[in-house]
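[1] Please find the sequence and the predicted model below.
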Amino acid sequence: MGLFDIFKSKKEIKDALNDPSNPLNNQSYEPAKNKSKYTETPFGNFTIEDRVFMIAKGGIVELKQAYKDLTDEGKFEVILFNSTIAMWYYSKNNPDNPINNPKYIMKIVDQARTYNIPTAENELMGFIVSRLGFYANEFNQLSEPENVPSKIFSCFYEHPLSSPEPSFDLGEIFQFKMALGIMIKWVKENTNNIG
């Protein structure tokens, strides 16, 4: 199973956009409150989507402690990166209890609003899906020791929410790479503890 296999298709996300109960289709934006039909058994008061999202967001603290703080836009990028990892590991370990991808994407949209990211909902949805695919590819490339996470570094710290371009600040990138490894390990371990 590849990282991008967690999204059955872009149609699944577009269907969520066309759903009349979807808050993105209303004039006034409110966070989604519907229970997931795929997660009939929540963990305590939290659904699977809640737990996976909290792990993706919690990775921000790990990165800040191991390297340095981020802007809100950079934090949003970290959540997207960590979401690809957490969703993949969760799906791999729990194939019979899948994540409700549209509901999870709505959690990301809610976080974008919390960070005051000024993008129209449809444009933001497209950005999220595109960035998850980008980060899935970048994560796969990290398995090769000679690959340097220069685009990830650029997205997190230099030019968040922009077209991914490599950074050439090799001194910072090598420090960042060690911190990135710490964060990835934390996300993986915590996600594996869900199931």
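    Everything's here; your move.
[2] Restrict the stretch of helix or strand M183 belongs to to CA atoms and write it as CSV.
    Secondary structure assignment for M183, by DSSP states H and E: helix 170-192. Written as CSV, here are the backbone C-alpha positions of helix 170-192 (Å, rounded to 0.1, in the frame of the first residue of the first chain):
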residue,chain,number,x,y,z
LEU,A,170,22.5,23.1,3.8
GLY,A,171,23.6,23.9,7.3
GLU,A,172,20.0,24.5,8.4
ILE,A,173,18.7,21.6,6.4
PHE,A,174,21.1,19.0,8.0
GLN,A,175,20.0,20.2,11.5
PHE,A,176,16.4,20.1,10.4
LYS,A,177,16.8,16.6,8.9
MET,A,178,17.7,15.2,12.4
ALA,A,179,14.7,16.9,14.0
LEU,A,180,12.4,15.8,11.2
GLY,A,181,13.5,12.2,11.9
ILE,A,182,12.6,12.6,15.6
MET,A,183,9.2,14.0,14.7
ILE,A,184,8.5,11.2,12.2
LYS,A,185,9.5,8.5,14.7
TRP,A,186,7.1,10.2,17.3
VAL,A,187,4.2,10.3,14.8
LYS,A,188,4.8,6.7,13.8
GLU,A,189,5.0,5.3,17.3
ASN,A,190,1.9,7.2,18.5
THR,A,191,-0.1,6.2,15.4
ASN,A,192,0.8,2.6,15.9
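[3] Check which helices and strands that helix is in contact with.
    With contacts taken as 3 or more C-beta pairs under 8 Å, 6 or more residues apart in numbering; DSSP states H and E, helix 170-192 sits against helix 48-66, helix 72-93, helix 150-153. C-beta here means a position set from N, CA and C on the backbone, and glycine is covered the same way.
[4] Can you check my assumption that I108 lies in a strand?
    No. Per DSSP: H, G, I helix; E, B strand; the rest coil, I108 lies outside any strand segment and is helix.
[5] So for the residue of the chain most remote from its centre, what pLDDT did the model give?
    Distance from the centre of the chain peaks at G171, with 26.3 Å (C-alpha atoms, centre = their mean). Predicted confidence (pLDDT) for G171: 94.
[6] Tell me how far it lies from E146.
    Using C-beta to C-beta, to the nearest Å, G171 is found at 18 Å from E146.
[7] want to try a markdown table for the helices and strands packed on helix 170-192, with mean pLDDT, distance to Q111 and mean neighbour count as columns?
    Conversion of those to a markdown table gives the following (pLDDT from 0 to 100; distance: least, C-beta to C-beta, whole Å; neighbours: other C-beta atoms under 10 Å):
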| stretch | mean pLDDT | distance to Q111 | mean neighbour count |
| --- | --- | --- | --- |
| helix 48-66 | 97 | 7 | 20 |
| helix 72-93 | 97 | 6 | 23 |
| helix 150-153 | 98 | 19 | 22 |
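[8] closest to P118 out of these?
    helix 72-93 (10.6 Å; C-beta to C-beta).
[9] what helices or strands is that closest one leaning on?
    Using 3+ C-beta pairs under 8 Å, 6+ apart, helix 72-93 sits against helix 48-66, helix 101-114, helix 121-141, helix 170-192.
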